[in-house]
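Colleague: Structural data only, the sequence is not supplied:
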């Protein structure tokens, strides 16, 4: 299982999908690395862990000790990512029950049921490379719906 980010991670975003970038407050006492999947906690951006409300993907690294810091976030777009599940084109793409969820700041997985156990971030747009965890790559459309009208 992949773990939380401990340094910046370059994410590959799809250029042909509209993006929305915003500046948001950061939870006090946290470090968030560029490329981290984040959640909303008490009205601010925090490192994603488990089930929560998706807050977007960090576009910069921020070390926040005072509670007054902000961070640039991508709250809508599409990203290429590996999924921590075996992905096949025929059974996983375009299925209403399939959602992409994050379980920490660097791990995405496929939720194939109606019960999302991580933080739902979006939907699989297409399979780029089918295969097992570590070899697959998909395009994930994501949206921090709590932050959009």
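Modeller: Structure received. Not measured: the values here are computed from a predicted model. Numbers count the residues shown, from 1 in each chain.
Colleague: Any regions of the chain where pLDDT drops low?
Modeller: 1-2, 65-68, 90-97, 113-116 (pLDDT under 70).
Colleague: any idea how it splits into domains?
Modeller: As given by automatic domain parsing, the domain ranges for the chain are 19-75, 79-147.
Colleague: is it possible to export these to JSON lines including mean neighbour count?
Modeller: Heads up, the C-betas are built off the backbone N, CA and C, glycines and all. Formatted as JSON lines, those follow (neighbours: other Cβ atoms under 10 Å):
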{"stretch": "domain 19-75", "mean neighbour count": "18"}
{"stretch": "domain 79-147", "mean neighbour count": "17"}
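Colleague: how about the ones you listed, which one is nearest residue 4?
Modeller: Ranking the domains of the chain by distance to residue 4, with Cβ to Cβ as the measure, places domain 79-147 first at 4.6 Å.
Colleague: quick one on the thing from earlier: can I get the domains of the chain in TSV with distance to residue 5?
Modeller: Formatted as TSV, the domains of the chain follow (distance: least, Cβ to Cβ, whole Å):
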stretch	distance to residue 5
domain 19-75	4
domain 79-147	5
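Colleague: Of these, which is nearest residue 9?
Modeller: Among the domains of the chain, if distance is taken as Cβ to Cβ, the winner is domain 19-75, at 3.4 Å.
Colleague: quick one: that closest one to chain centroid distance?
Modeller: Offset of domain 19-75 from its chain centre (Cα atoms, centre = their mean, to the nearest Å): 11 Å.
Colleague: One more: stretch 18-35?
Modeller: Worked out by Cα atoms, centre = their mean, stretch 18-35 lies 12 Å from the chain centre.
Colleague: Minimum distance to residue 3: which of the domains of the chain has it?
Modeller: Nearest of the domains of the chain (Cβ to Cβ): domain 79-147, 6.7 Å.
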